[in-house]
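Asks: Need a 3D model of the sequence below.
(one chain, ligands or ions: 1)
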Amino acid sequence: MRTIVIGTRKSNLALKQAEWVKEKLEALGLPYKFELKKIMTKGDRILDVTLSKVGGKALFVKEIEKAMENEEIDFAVHSMKDIPSVIPEGFVLGAVTERVDPRDVLISESEKKLHELPAGAVIGTSSLRRQAQILAARPDVEVKWIRGNIETRMRKMKEEDFDAIVLAAAGLARMGWSEEIVTEYLAPENSLPSVGQGALGIECRAGDKDILALLEHIHDEKVARTITAERAFLKNVEGSCQVPVAGHAVMEKGNDITLRALVASPDGKTLLQDEQTGSDPERVGKIIATNLLDRGGKEILDQVKKDLEG
Ligand SMILES: NCc1[nH]cc(CCC(=O)O)c1CC(=O)O
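Replies: Take a look at the predicted model:
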């Protein structure tokens, strides 16, 4: 019986995600054994630096791709939103899983919602996307960088000087945290999610037919279509590092997809948004990207990238 080795980062959230995939595959009753292998990535090692300054998303996937290349693992489970918009030659997205709640949530010590927090309140996030949207909704609060996994951020909120933090509902749910700790599920108008948020992406070797056939069983084509639109937007606005862009797509009745996306300045003063519906996800994503870049998004993103390099 062939043993299939599933690669994962070693954070608790990554482990939960990989275990979820392992259980789904085991439930199929196929003649395979499944094993998890934890891989320490550069992104996990440098948790004290702002993520966008040290190279962004690629930091979490490079070592994992190396392990696939060396056949130490057969495929890797990632949070979809951590996968760069362009996947390197030799690897493919073998499956996109069902999506859980894609929204961001606000957790505040005083249990005050975003619009109830006092002026000067300090909100913790390490995402320019969240920062921009918080400041657009509440220009009178302060955003401070907070890093670390979910447990660390919850602890820092209590021990340090944060009135509230913003996290993904999906991460909390997967970690088994009770919904009771959530103060507010943020509407897309206040915090449009990250491209891919709430879904898992499974990356494997491009030519591995057995693994690709296996992964078909946990692939959700409807979710994949929405994510194709979101990622087409991301790829066409730039792709690589962590910049203040957001995008969320839903399936309409029939086969149409509606994508809402934005490009924002980090200070939240400019928020460029667009929404388009169409049947070709690549095209919907590209139309919005072109639109937002033309309307001033290009200047914003060029400036952000310059600041990140500096
Ligand atoms: N940026 C880190 C990250 N990557 C994936 C998730 C969980 C959400 C998901 O799976 O989409 C999180 C935590 C967060 O943003 O709060």
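Asks: mind listing what the residue positioned nearest the centre of the chain touches?
Replies: Against the mean C-alpha coordinate of the chain, by Cα atoms, centre = their mean, the closest residue is K81 at 2.3 Å. K81 makes contact with 168, 194-197, according to Cβ atoms under 8 Å, 6 or more residues apart in numbering. Where C-beta positions appear, they are placed from N, C-alpha and C, glycine not excepted.
Asks: Can you pull the residues of this structure lying near the ligand?
Replies: Within the chain, the positions near the ligand by Cβ under 6 Å from any ligand atom are 79, 81-82, 167-168, 170-171, 197-198.
Asks: rerun that using 5 Å as the cut-off
Replies: 79, 81, 167-168, 170-171, 197-198 (Cβ under 5 Å from any ligand atom).
Asks: All the strands of this protein, residue numbers only.
Replies: 2-9, 32-39, 75-79, 91-96, 104-108, 122-124, 142-144, 164-168, 184-185, 200-205, 245-251, 257-264, 271-278 (DSSP state E).
Asks: picking that back up, mind putting the contacts of K81 into a markdown table with pLDDT and neighbour count?
Replies: As requested, the contacts of K81 are arranged in a markdown table below (pLDDT from 0 to 100; neighbours: other Cβ atoms under 10 Å):
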| residue | pLDDT | neighbour count |
| --- | --- | --- |
| A168 | 96 | 25 |
| S194 | 96 | 24 |
| V195 | 96 | 27 |
| G196 | 96 | 26 |
| Q197 | 97 | 26 |
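Asks: ok, which pair from those residues is furthest apart?
Replies: Put simply, by Cβ to Cβ the two of the contacts of K81 set farthest apart are A168 and V195, 12.3 Å from each other.
Asks: Show me the domain layout of the protein.
Replies: Annotated domains of the chain cover 2-99+198-219, 104-185, 234-309 [automatic domain parsing].
Asks: Could you say which one of the ones you listed comes nearest to R225?
Replies: domain 234-309 (5.2 Å).
Asks: contacting residues for the one residue in the stretch 1-150 of the chain that gets nearest to the ligand?
Replies: For the stretch 1-150 of the chain and the ligand, the shortest gap (Cβ to the nearest ligand atom) falls at S79, measuring 3.3 Å. Shown in contact with S79 (Cβ under 8 Å, 6+ apart): 13-14, 17, 170-171, 196, 200-201.
Asks: For the residue nearest to the centre of the chain, give me the pLDDT.
Replies: According to the prediction, K81 has pLDDT 93.
Asks: now N149
Replies: 83.
Asks: Over to R2?
Replies: On the pLDDT scale, R2 gets 91.
Asks: Pretty sure it sits against Y32.
Replies: Yes - using Cβ atoms under 8 Å, R2 is in contact with Y32, at 5.5 Å.
Asks: Who are the contact partners of V223?
Replies: Contacts of V223 (Cβ under 8 Å, 6+ apart): 96-99, 199.
Asks: Would you mind listing which of those are buried?
Replies: 96-97, 99, 199 (16 or more other Cβ atoms under 10 Å).
Asks: could I get those residues as CSV with pLDDT?
Replies: Listed next are the buried ones among the contacts of V223 as CSV, based on pLDDT from 0 to 100:
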residue, pLDDT
V96, 98
T97, 97
R99, 96
A199, 98
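Asks: got those residues as TSV, with distance to G124 columns?
Replies: Output for the buried ones among the contacts of V223, formatted as TSV (distance: Cβ to Cβ, whole Å):
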residue	distance to G124
V96	30
T97	29
R99	25
A199	25
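Asks: Kindly indicate which of those lies nearest E179.
Replies: The closest of the buried ones among the contacts of V223, once distances to E179 are taken by Cβ to Cβ, is R99, at 17.5 Å.
Asks: can you tell me which residues contact the closest one?
Replies: R99 touches 198-199, 220, 223, 226, counting by Cβ under 8 Å, 6+ apart.
Asks: Low-confidence ranges, the stretch 51-200 of the chain, go.
Replies: 51-58 (pLDDT under 70).
Asks: 50 instead, please
Replies: Nowhere does the stretch 51-200 of the chain drop to pLDDT under 50.
Asks: same check, this time on the stretch 201-310 of the chain
Replies: Using pLDDT under 50, the stretch 201-310 of the chain drops low at 240.
Asks: try it again with 80
Replies: 239-242, 310 (pLDDT under 80).
Asks: Would you quantify the distance from the closest residue to the ligand within it to I73?
Replies: Of all residues in the stretch 201-310 of the chain, Q242 sits closest to the ligand, at 8.7 Å by Cβ to the nearest ligand atom. Separation of Q242 from I73 (Cβ to Cβ, to the nearest Å): 25 Å.
Asks: Nearest spatial neighbour of K16, chain-adjacent residues omitted?
Replies: R174 (4.8 Å; Cβ to Cβ, 6 or more residues apart in numbering).
Asks: what about the residue nearest to L186 when sequence neighbours are not counted, neighbour count?
Replies: Spatial nearest neighbour of L186, excluding adjacent residues (Cβ to Cβ, 6+ apart): D104 at 4.7 Å. As a burial measure, D104 scores 28 neighbours (other Cβ atoms under 10 Å).
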